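J.: only the shape, not the letters, is given here:
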Ligand code: B12
Ligand code: SF4
């Protein structure tokens, strides 16, 4: 069979004012350009576990959500999508099926909304796809349709056995940034978090030598790639993290990852990260004060416990030559209209090299979605296309939806204006030299 792997690419946001104003601001634009350059790692893993004898191809939907014409020569198309593009993905699936092509859908959104996905796909996969995929391909070959494949009912996936993702399928594409996974899951359970809804297993780490093996494979395509670890929380295990960094040092890489603030507790780890080429860590701070973070992390109240030491943590990380992209979620129940000013103050005081502000977003399958639905606070239930992190689709507790929107515009203008970026970044440049973190290794 000819099998197509179709990623829904690009970022989505609908709010016209933010699009016109905020999204064209330099800080957002840099990240937007970078984001457009990331392939779908999940699909590359599926391609790697596809049984021998099939002709496999990687495709990306265009920015307007349309599929490339060549995909119509496939017998089976695997589509991966997050919530924000799921309606575009369903429309593509409908068009493909109308032409007799079998469609399989999987990923985070579909995992929590299988009944919805069944109306558009011949095969719907819940959970991590690697164990299920070979059997699904065999079933598709036999012409079996209308099946839901529950990976949780299969023997559990041992991530120590993961194959090398099929990076080679990207060879003739202009990618210079690649994702590598070093861990799966996160020990915490934030009520808004959409990744933990799928990864029900405990936090898992990959063997360091296999991560290195995958990076060597990427280097066959690009000599100096910029890597993003497609992890939720890389450095939970500090000893393993140090082993990983030691193994990366000789490779002379530049990379970015997501991790929690506890990385700041370990200066030896930070030194090794810097030596291993870590250029930036993205840290979900979510808010500036412990009060607003009460109860947001459901296992151990981790974020509220840590908030008092945020400023110190950010400074410690950046003093090791690693920039911090501090993420704040606007619209938490504890947020009053003062939150916008508070975030601005924190960002300038740290000062944070990068700041990501997003709106509280009720993703399907999260405790947050269920709670807001119960409280009758979702403005338009099941409007998954609004799950962009930039569109308000709920009633905040201590302000109106419009106040939240206006606060986002206000804050975006102040945070991302050229002078503000320069002011926040200058101390870092003074100490470590003036190199844009994201774009330096772009060809
Ligand atoms: C890397 C990343 C990106 C990259 C994505 C690159 C790409 N084309 O895939 C970039 C930076 C572009 C990105 C952008 C966005 N992202 Co993002 N991103 C991530 C991150 C950190 C890792 C994803 C990843 O690579 N995982 C590793 C792979 C191996 O796992 P996977 O993709 O889930 O695939 C496995 C299974 O899901 C399944 N599977 C997946 N697809 C399919 C298909 C079939 C047919 C089958 C059988 C199985 C299957 O099998 C795979 C192997 O096990 C996640 C966090 C997370 N843990 O998922 C957030 C995350 C996925 N992103 C999120 C969001 C909101 C966005 C944006 C919508 C933001 C925006 N405003 O635009 C955009 C939209 C992106 C898009 N194109 O759709 C949310 C999604 C929540 C949701 N329910 O939608 C997450 C969970 C972050 C969060 N905690 O909120 N993102
Ligand atoms: S710390 Fe991050 S990845 Fe972990 S549960 Fe919270 S939001 Fe999700």
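T.: Received, thanks. Keep in mind the model is a prediction, meaning the values are calculated, not measured. Residues are numbered from 1 along each chain as shown. Ligands and ions are numbered 1, 2, ... in the order given.

J.: in which helix or strand would I find residue 310?
T.: helix 310-318 (DSSP states H and E).

J.: what packs against the very next helix or strand once past that helix?
T.: Sequence-wise, the next helix or strand downstream of helix 310-318 (DSSP H and E) is strand 323-330. Applying 3 or more Cβ pairs under 8 Å, 6 or more residues apart in numbering; DSSP states H and E, we find strand 323-330 packed against strand 278-286, helix 310-318, helix 339-349, strand 354-359, helix 401-416. C-beta here means a position set from N, CA and C on the backbone, and glycine is covered the same way.

J.: ok, and which of the ones you listed has the densest surroundings?
T.: strand 278-286 (a mean of 24; mean count of other Cβ atoms under 10 Å).

J.: what parts of the stretch 151-300 of the chain come near ligand 1?
T.: For the stretch 151-300 of the chain, the contact set with ligand 1 under Cβ under 6 Å from any ligand atom comprises 179, 181, 193-195, 230, 232.

J.: one more pass at 8 Å, please.
T.: 151, 157, 165, 179, 181, 184-185, 192-199, 228, 230-232, 258 (Cβ under 8 Å from any ligand atom).

J.: just the buried residues from those, in PyMOL please.
T.: Typed into PyMOL, the line below selects the buried ones among these, using 16 or more other Cβ atoms under 10 Å:
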select buried, resi 151+157+165+179+181+184+185+192+193+194+195+196+197+198+199+228+230+231+232+258
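
J.: what's the closest non-adjacent residue to the residue in the stretch 251-400 of the chain that ligand 2 sits nearest to?
T.: Closest residue of the stretch 251-400 of the chain to ligand 2, Cβ to the nearest ligand atom: residue 284 (4.6 Å). Residue nearest to residue 284 in three dimensions, not counting chain neighbours: residue 327, with 4.8 Å by Cβ to Cβ, 6 or more residues apart in numbering.

J.: got the phi/psi numbers for the residue nearest to residue 150 when sequence neighbours are not counted?
T.: The shortest distance from residue 150 to any non-neighbouring residue, by Cβ to Cβ, 6+ apart, is to residue 126 (4.7 Å). Dihedral pair for residue 126: phi -100, psi 130, per degrees, to the nearest 10.

J.: show the contacting residues for residue 126.
T.: 106, 110-111, 114, 148-152 (Cβ atoms under 8 Å, 6 or more residues apart in numbering).

J.: repeat that for residue 109.
T.: Contacts for residue 109 (Cβ under 8 Å, 6+ apart) come out as 81-83, 86, 117, 364, 384.

J.: same check, this time on residue 267
T.: Taking Cβ under 8 Å, 6+ apart, one finds 316, 320 in contact with residue 267.

J.: for it, give me the pLDDT.
T.: Note for residue 267: predicted pLDDT of 98.

J.: what does residue 158 give?
T.: 92.

J.: so how many other residues sit close to it?
T.: 10 (other Cβ atoms under 10 Å).

J.: just the one 10 residues further on next, same as before
T.: When neighbours are counted by other Cβ under 10 Å, residue 168 registers 15.

J.: how close does it sit to residue 159?
T.: 21 Å (Cβ to Cβ, to the nearest Å).

J.: residue 301 is nearest to which of the helices and strands packed on strand 323-330?
T.: Counting by Cβ to Cβ, residue 301 lies closest to strand 278-286 out of the helices and strands packed on strand 323-330; the figure is 12.4 Å.

J.: now do that closest one: distance to the chain's middle.
T.: Strand 278-286 sits 12 Å away from the centroid of its parent chain (Cα atoms, centre = their mean, to the nearest Å).

J.: quick check: mean pLDDT across it?
T.: For strand 278-286, mean pLDDT is 97.

J.: go through the contacts of residue 109 and flag which are in helices.
T.: Among the contacts of residue 109, the ones falling in helices (DSSP state H) are 86, 117.

J.: could the contacts of residue 109 go into a markdown table alongside neighbour count, pLDDT and distance to ligand 2?
T.: Compiled in a markdown table, these are given as follows (neighbours: other Cβ atoms under 10 Å; pLDDT from 0 to 100; distance: Cβ to the nearest ligand atom, whole Å):
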| residue | neighbour count | pLDDT | distance to ligand 2 |
| --- | --- | --- | --- |
| 81 | 26 | 93 | 19 |
| 82 | 19 | 92 | 14 |
| 83 | 25 | 96 | 15 |
| 86 | 26 | 96 | 20 |
| 117 | 28 | 98 | 23 |
| 364 | 21 | 97 | 15 |
| 384 | 22 | 97 | 19 |
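
J.: near ligand 2, which residues of this protein show up?
T.: 186-190, 192-196, 232-233, 258, 260, 284, 286, 297, 302-303.

J.: ok, stretch 381-390 near ligand 1 or not?
T.: Yes - Stretch 381-390 lies within reach of ligand 1 by Cβ under 8 Å from any ligand atom, at 384, 387-390.

J.: buried stuff in that stretch?
T.: Within stretch 381-390, judged by 16+ other Cβ under 10 Å, the buried ones are 384-390.

J.: next: stretch 58-73.
T.: Buried residues in stretch 58-73 (16+ other Cβ under 10 Å): 58-61, 65, 67, 71.

J.: and those residues near ligand 1, which?
T.: Within the buried residues of stretch 58-73, those near ligand 1 by Cβ under 8 Å from any ligand atom are residue 60.

J.: what's the strand or helix carrying residue 94 packed up against?
T.: Assigned by DSSP H and E, residue 94 belongs to helix 86-98. Packed against helix 86-98, as judged by 3+ Cβ pairs under 8 Å, 6+ apart, are the following elements: strand 76-80, strand 102-106.

J.: need those in CSV (columns: mean pLDDT and distance to ligand 1).
T.: Converted to CSV, the helices and strands packed on helix 86-98 look like this (pLDDT from 0 to 100; distance: least, Cβ to the nearest ligand atom, whole Å):
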stretch, mean pLDDT, distance to ligand 1
strand 76-80, 98, 3
strand 102-106, 98, 2
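
J.: can you map out the strands along this protein?
T.: Along the chain, the stretches classed as strands by DSSP state E are 2-7, 55-60, 76-80, 102-106, 123-126, 147-150, 177-180, 183-184, 204-205, 226-229, 254-258, 278-286, 323-330, 354-359.

J.: mind checking how far the last one is from the chain centre?
T.: A distance of 14 Å separates the C-alpha centroid of strand 354-359 from that of its chain, computed with Cα atoms, centre = their mean.

J.: please identify the pairing partners of that strand and their relative orientation?
T.: Strand pairing for strand 354-359, determined by DSSP bridges: strand 323-330 (parallel).

J.: which other residues reach the strand it pairs with?
T.: Outside strand 323-330, the residues that touch it by Cβ under 8 Å, 6+ apart are 192, 279-288, 314, 317-318, 339-340, 343, 346-347, 350, 352-360, 404, 407-408, 411, 428, 437.
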